[in-house]
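Here is the input, now give the coordinates:
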Amino acid sequence: MKFSLSFIVFLNLVVSSFAISAELLDGEPSFCDPEKFSSLEVKSQKEGLVRERSFRVGSLNLIGMAVGHSDTEAIKKLALEHSEFREEEKYCTFYLNKGEQDKEEAFNHHYLMAPYLRIRHGKIMSQYSKVLRPVFEENPVTMVSCAKEHGYIALGCNGQKHRGPTAFAMLLAYVGCNPNNAVNIVNSIWGKNWVRFATRWKLANMAHQWGQENPKNRELLLSIMEDNR
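Residues are numbered from 1 along each chain as shown. The predicted model follows:
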């Protein structure tokens with residue numbers, strides 16, 4: 001099927017306007033607004049941490065970074081600035097790639113496939129659901145349990161360009177951000193890096209549905225992220 005140039009331009013304009021919309025829906029947490037979320041950033045210049053961005057969302061310290069490319073001891077030091085962890089909690093840091101053995105051993109290791117355009121959406125959705133939903137709410141150590149017990153979650157892949165930012169958007173959607181805002185937030189922080197907006201959006205939307213299906217976890221996490229004490 002062939003499309004005229006004018007129709008293709010029109011589609012691009014539609015997609016672009018969709019991607020930059022930042023309106024909050026009724027009942028959506030205020031931190032889901034991309035500008036508001038940006039204002040919650042805690043500036044730091046930690047040596048040994050690559051592409052690290054830290055945010056204080058209510059009483060939750062939420063950090064995204066290139067776990068695989070960062071120094072292991074620097075990652076541990078950052079975590080210990082915020083809390084003390086049991087050995088099995090592995091610093092409430094989630095490594096979402098593979099290939100860095102020290103990170104696989106030191107932190108919570110869960111491999112995600114790269115959400116590239118060439119991979120079919122169905123395959124991505126299935127793999128992320130199988131891996132990430134337990135990380136949010138079912139495993140012995142989850143992001144929700146880390147938020148509850150330590151007010152701390154750190155996550156990322158090797159370079160914090162593809163998997164890590166996508167999982168970050170999914171966490172925001174899980175707690176109640178609409179997928180559009182969740183994706184806009186991570187794209188503004190770490191960039192698109194050739195990951196299609198629609199791919200991240202579909203994954204964030206899936207996580208949003210998980211939160212709807214588990215209101216107890218959503219409400220718990222939301223209470224922490226809206227606690228400004």
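
Show me where this structure dips below the pLDDT cut-off.
1-22, 117-119, 229 (pLDDT under 70).

just the strands in it please.
41-42, 53-57, 60-64, 93-95, 108-109, 152-156 (DSSP state E).

in its sheet, what does the third one sit against?
To tie it back to what came earlier, the one meant is strand 60-64. strand 53-57 (antiparallel), strand 152-156 (parallel) (DSSP bridges).

if we look at the first one, which residues are touching it?
Defining contact as Cβ atoms under 8 Å, 6 or more residues apart in numbering, one finds that strand 53-57 is touched by 31, 37, 40-42, 44, 61-65, 189-190, 225. From N, CA and C alone the C-beta is placed, and that goes for glycine too.

Please convert the strands paired with strand 60-64 to CSV, extending it with mean neighbour count.
Below are the strands paired with strand 60-64 laid out as CSV (neighbours: other Cβ atoms under 10 Å):
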stretch, mean neighbour count
strand 53-57, 20
strand 152-156, 27
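
now these in CSV, with distance to residue 125?
Shown next, in CSV, are the strands paired with strand 60-64 (distance: least, Cβ to Cβ, whole Å):
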stretch, distance to residue 125
strand 53-57, 26
strand 152-156, 19
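
Nearest approach to residue 120 belongs to which of the ones you listed?
strand 152-156 (24.6 Å; Cβ to Cβ).

List of residues touching that closest one?
So strand 152-156 is contacted by 51, 60-68, 70, 75, 78-79, 82-83, 91-96, 143, 146-147, 164, 167-168, 171 (Cβ under 8 Å, 6+ apart).

circling back: same list (the strands of the chain) but as a markdown table, adding distance to residue 121.
Below are these laid out as a markdown table (distance: least, Cβ to Cβ, whole Å):
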| stretch | distance to residue 121 |
| --- | --- |
| strand 41-42 | 31 |
| strand 53-57 | 27 |
| strand 60-64 | 23 |
| strand 93-95 | 23 |
| strand 108-109 | 25 |
| strand 152-156 | 22 |
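
can you tell which of those strands is closest to residue 201?
strand 60-64 (18.1 Å).

From residue 73, how far out is residue 35?
35 Å (Cβ to Cβ, to the nearest Å).

what does residue 170 give?
28 Å.

higher neighbour count, those two?
Remark: of residue 170 and residue 73, residue 170 carries more neighbours, 28 against 11, as counted by other Cβ atoms under 10 Å.

Find the residue closest to that one in space, skipping its chain neighbours.
residue 207 (3.7 Å; Cβ to Cβ, 6 or more residues apart in numbering).

For the one you found, the count of nearby residues, please.
26.
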